[in-house]
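> Could you work out the structure for the sequence below:
(2 chains)
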Amino acid sequence: MKQKSSVLRLAVTLLLITGVVAAALAGINSLTASRIYKNKQLKSWEAIQKVLPEGAIISEETEITDSSGIAKTLYTSTKGYAVEVVPNGFGGAITMLVGISFEGKVLGIAVVSQTETAGLGAVVAADNQAGETFREQFVGLSGVLAVTKDGGDIDSVTGATISSRAVVEGVNAALACVADLEKVE
Amino acid sequence: MKFKDHFKEGLLTKNPVTVQLLGMCSTLAITTSLFNGLGMGLAVTVILICSNVLISALRKVIPSQIRIAAYIVIIAGFVTIVDLLLQAYLQALSESLGVFIPLIVVNCIILGRAEAFASKNGVLASALDGLCQGFGYTVALVIVCVIRELLGSGTFGGGILNGGEGIRIIPEGFPAMQMVMPVGGFLVLGFVIAGSQWLMRRLERRNKKKEAV
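Now for the predicted structure:
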């Protein structure tokens, strides 16, 4: 009898502790959820502004699924499209936005979040000279792109071929997505 | 135990990083800029104090058979709270530390202190222990960060000073990129541990000399 009650006591104690912790977490979550959501929205909003020409007004936001699964969201604006693409880099998913004109040319790219190696792969997203030089290569291009190692025209970031390839892959997915769209229309 | 003893233990003689060799994973992974080191150190210190206090307060209520499970639930709760707060109010730090914030749950320093100290001592002493151990962890992280950042990126204070760029000390092109890569983490950590051992021996010898005189 004593054994039984002690097992019960263990279970109840643990249940109480987990219950209290869960309640505390629920409280904190409800306090912060809206702010976290807003932060994320703001971040992708800023990136959209970066890849589209000044004064572009977004009229439509659509979830998309392409065969590669890289393109996620399509923003239609008055001055072009912005496509959110999530290719796989060296250290996980790279979330980025690609601005594409109505003629199907790249207007600009911006990385929203990434977990590439600091100083190497992370350069694709960096706000410095090397990062900007890398990203500016894409402006005005169309079709299917590739890094120089794969016979294309994009110079990859030194020591970060895989990260560079991932960005190229993302841009390609965005270009293909917009090309399909224009065909339909 | 007095505050001074606690402080000395946390900082040097029982430093969680250089002596107890706990929490190595985060120490090696995130120590690439001053911002990361300070942020991670502060996050761990806050969680350590909170979990130490709560575990110490509940030490007579928690049956010993399920203590580890109970500790982990409490620690995970605090870590998640800190994670959510960082995401909401300090987004830059949250992005920079990434998965290593949620991974504090399995950081051995926290569970180690819960098991070794908080479960046997009073609330106030446990809070003090959390503060001193957390401070020791932060100091060790910051030292590794400063060395790696200087040698690897050539800057000081990356992420905070000079608008996030850090103050450039070594001109661009010279720093050895390897130092911010994993290999640099192991190298620098090794030297920092060796340095702290040397310092401890020296202090010990000096104390002995004093006693002899």
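> C-alpha only now, for contacts and for neighbours.
Fine.
> Spatially, what comes nearest to the most centrally placed residue in chain A if we skip its sequence neighbours?
Computing the C-alpha centroid of chain A and ranking residues by Cα atoms, centre = their mean puts A:Thr95 first, at 1.5 Å. Taking Cα to Cα, 6 or more residues apart in numbering or on different chains as the measure, A:Thr95 lies nearest to A:Val86, with 4.6 Å between them; neighbours along the chain are not counted.
> so the residue nearest to the centre of chain A touches A:Glu84, yeah?
Yes: A:Thr95 lies in contact with A:Glu84 (Cα atoms under 8 Å); the separation is 7.2 Å.
> quick one on the thing from earlier: state the phi and psi torsions of the residue nearest to the centre of chain A.
In terms of degrees, to the nearest 10, the main-chain angles of A:Thr95 are phi -90, psi 120.
> for chain A, what spans make up the helices?
Assigned by DSSP state H, the helices in chain A fall at A:2-51, A:129-136, A:161-184.
> Could you save those helices as JSON lines and add columns showing mean pLDDT and distance to B:Arg205?
Below are the helices of chain A laid out as JSON lines (pLDDT from 0 to 100; distance: least, Cα to Cα, whole Å):
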{"stretch": "helix A:2-51", "mean pLDDT": "87", "distance to B:Arg205": "48"}
{"stretch": "helix A:129-136", "mean pLDDT": "87", "distance to B:Arg205": "51"}
{"stretch": "helix A:161-184", "mean pLDDT": "88", "distance to B:Arg205": "52"}
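> re the thing from before, what's the burial count for the residue nearest to A:Thr95?
Other residues near A:Val86 number 28, with proximity taken as other Cα atoms under 10 Å in any protein chain shown.
> For chain B, find the nearest of the helices of chain A.
Between chain B and these, the shortest separation by Cα to the nearest Cα is 4.7 Å, and it involves helix A:2-51.
> Tell me who's in contact with the residue nearest to A:Thr95.
Listed by Cα atoms under 8 Å, 6 or more residues apart in numbering or on different chains, the contact partners of A:Val86 are A:70-72, A:93-96, A:170.
> Number of residues surrounding A:Thr65?
Considering only other Cα under 10 Å, A:Thr65 is surrounded by 13 other residues.
> contacting residues for it?
A:Thr65 makes contacts with A:71-72, as judged by Cα under 8 Å, 6+ apart.
> Next, it: phi, psi?
phi -130, psi 120.
> Would you check how far apart it and chain B are?
Computed as Cα to the nearest Cα, to the nearest Å, the A:Thr65 to chain B distance reads 27 Å.
> now swap in A:Val111 and tell me
When Cα to the nearest Cα is the yardstick, A:Val111 and chain B sit 13 Å from each other.
> Show me where chain B has its helices.
All helices of chain B, identified by DSSP H, fall at B:3-8, B:24-30, B:34-57, B:67-89, B:91-97, B:108-113, B:123-152, B:182-212.
> Chain A is nearest to which of these?
Minimum separation from chain A across the helices of chain B (Cα to the nearest Cα) falls at helix B:67-89, 4.7 Å.
> The closest one: how far from the chain's middle?
How far helix B:67-89 lies from its chain's middle: 17 Å, per Cα atoms, centre = their mean, to the nearest Å.
> Give me the buried positions along that helix.
Neighbour-count burial for helix B:67-89 flags B:67, B:70-88 (criterion: 16 or more other Cα atoms under 10 Å in any protein chain shown).
> Okay, angle between that helix and helix A:2-51 too, please.
Comparing the axes of helix B:67-89 and helix A:2-51 via axes from the mean of the first three to the mean of the last three Cα atoms, to 10 degrees yields an angle of 20 degrees.
> Helix B:67-89 relative to helix B:34-57, how many degrees between them?
140 degrees.
> what about A:Ser59, neighbour count?
The burial count assigned to A:Ser59 is 9, neighbours taken as other Cα under 10 Å.
> go on, the one 4 residues further on?
Here the number of neighbours of A:Glu63 (other Cα under 10 Å) works out to 11.
> is it true that it touches A:Thr73?
Yes: A:Glu63 is in contact with A:Thr73 according to Cα under 8 Å; the separation is 4.5 Å.
> Identify the bridge partners of the residue nearest to the centre of chain A.
A:Ser113 (DSSP bridges).
> Kindly reformat the helices of chain B as a markdown table containing distance to chain A and mean pLDDT.
Formatted as a markdown table, the entries for those read as follows, by distance: least, Cα to the nearest Cα, whole Å; pLDDT from 0 to 100:
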| stretch | distance to chain A | mean pLDDT |
| --- | --- | --- |
| helix B:3-8 | 29 | 85 |
| helix B:24-30 | 10 | 87 |
| helix B:34-57 | 11 | 93 |
| helix B:67-89 | 5 | 93 |
| helix B:91-97 | 8 | 81 |
| helix B:108-113 | 16 | 91 |
| helix B:123-152 | 9 | 93 |
| helix B:182-212 | 10 | 91 |
